[in-house]
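> The following comprises the amino acid sequence and a computationally predicted model.
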Amino acid sequence: MAFGLYGSGSGLLKLDPRTKLLLFCAGIAVSTFSYNERALWMYCTAMCALLALCGEKWYALKCGALIACMEYLRYRIITSGTGAPALTGILVALIMMCRYGFPLLLSLSFLIKTTRISQLIAALSALHLPLFVIIPLSVMLRFIPTVQEEWDGVRKAMAFRGISLEPGAVILAPFKTIEYILIPLLFSCIAVMDELASASLARGLDAERKRTSYEAVKMRFPDYIIILLFVGIAFYAAVGGRQ
């Protein structure tokens, strides 16, 4: 089991889960209202730095390299001036869609990779949110890394059987891909959802009594600094981006 997927807690910086949820909301604002490039680059750079400070150095490096490659590819397509204009427009549009989805993906990955579910539940309970909000949110965030583990298992099982997952093989045999890869993954996801729901009920998440927790969630000075920084970036994306 890859414990790093569930928030190992290692790193120089430890933030409250409520701060991470606010960063996700800021990512939504940046993706929605970013009419210029500065707010987007500021947000992505700050998120990569936070990932590195919270113990996810290699993941932050990969995210930064991917963003840089996408931007370089967009620049080359726009400045090349060759090829069909329609194809160029489609490629640029696809890159822009991925580009403006980066803030959401970075903030969601940051929340999942650096937060234990027990910490998240304690933080949401501290916000006095109802159980019908806490339970689905905690199960959903626990479900995402579990699906990644299931996908790794299916991929290895298919590799033992000589079934390739290379892009070329998937394009040439899409129905074979659905039969041997997607269907086992979907059945695994259904079983995982049932197990997670049963585990949540067994732990008493639906109990009406007030829950206790070993996790101590508390807003500290770095949390307020990070909140001010990202709220400022979101405000600049919504207001300054129109200029």
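Right, received. Where do you want to start? Numbering: from 1, shown residues only.

> wait, residue 108 sits on residue 25?
No: using C-beta atoms under 8 Å, residue 108 makes no contact with residue 25, being 11.4 Å away. For glycine as for every other residue, the C-beta is placed from the backbone atoms N, C-alpha and C.

> So the two - more neighbours on which side?
More neighbours surround residue 108 than the other of residue 108 and residue 25, with 16 against 13 (other C-beta atoms under 10 Å).

> nearest residue to the more buried one other than its sequence neighbours?
residue 24 (6.3 Å; C-beta to C-beta, 6 or more residues apart in numbering).

> Kindly report the same for residue 53.
Among residues not flanking residue 53 along the chain, residue 13 sits closest, at 4.1 Å (C-beta to C-beta, 6+ apart).

> Low-confidence bits of the chain, can you list those?
For the chain, the stretches with pLDDT under 70 are 1-11, 34-36, 81-84, 164-170, 173, 200, 203-215, 241-243.

> Show me where it has its helices.
Along the chain, the stretches classed as helices by DSSP state H are 17-33, 37-53, 57-80, 85-114, 117-126, 131-160, 167-172, 174-177, 183-202, 221-238.

> same for the fifth one, what does it pack against?
Of the remaining helices and strands, those touching helix 117-126 by 3 or more C-beta pairs under 8 Å, 6 or more residues apart in numbering; DSSP states H and E are helix 17-33, helix 131-160.

> Between the ones you listed, which one is closest to residue 235.
helix 17-33 (8.2 Å; C-beta to C-beta).

> What residues sit buried inside the closest one?
Neighbour counts using 16 or more other C-beta atoms under 10 Å place 17-24, 26-27, 29-31, 33 of helix 17-33 among the buried residues.

> That helix vs helix 131-160, what angle?
80 degrees (axes from the mean of the first three to the mean of the last three C-alpha atoms, to 10 degrees).

> what about dumping the CA coordinates of stretch 88-100 to CSV?
What follows is stretch 88-100 as a C-alpha-only set of coordinates in CSV (Å, rounded to 0.1, in the frame of the first residue of the first chain):
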residue,chain,number,x,y,z
THR,A,88,-3.9,24.8,-34.9
GLY,A,89,-7.0,26.2,-33.3
ILE,A,90,-8.2,22.8,-32.0
LEU,A,91,-4.8,22.0,-30.6
VAL,A,92,-4.5,25.4,-28.8
ALA,A,93,-8.1,25.0,-27.5
LEU,A,94,-7.3,21.6,-26.0
ILE,A,95,-4.1,22.9,-24.4
MET,A,96,-6.0,25.8,-23.0
MET,A,97,-8.6,23.5,-21.5
CYS,A,98,-5.9,21.5,-19.8
ARG,A,99,-4.1,24.7,-18.8
TYR,A,100,-7.0,26.2,-16.9
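
> any idea how far it is from the chain center?
Taking the mean of its C-alpha atoms, stretch 88-100 sits 20 Å from the chain's own mean (C-alpha atoms, centre = their mean, to the nearest Å).

> got it, and stretch 61-80?
That offset, for stretch 61-80, works out to 20 Å (C-alpha atoms, centre = their mean).

> Buried ones in it, by neighbour count?
Under the neighbour-count rule (16+ other C-beta under 10 Å), stretch 61-80 has 63-64, 67, 70-71, 74, 77 buried.

> burial measure for the nearest residue to residue 134 once chain neighbours are set aside, as a count.
If the residues on either side of it in the chain are set aside, residue 134 comes closest to residue 124, at 4.6 Å by C-beta to C-beta, 6+ apart. Burial of residue 124 is recorded as 21 neighbouring residues (other C-beta under 10 Å).
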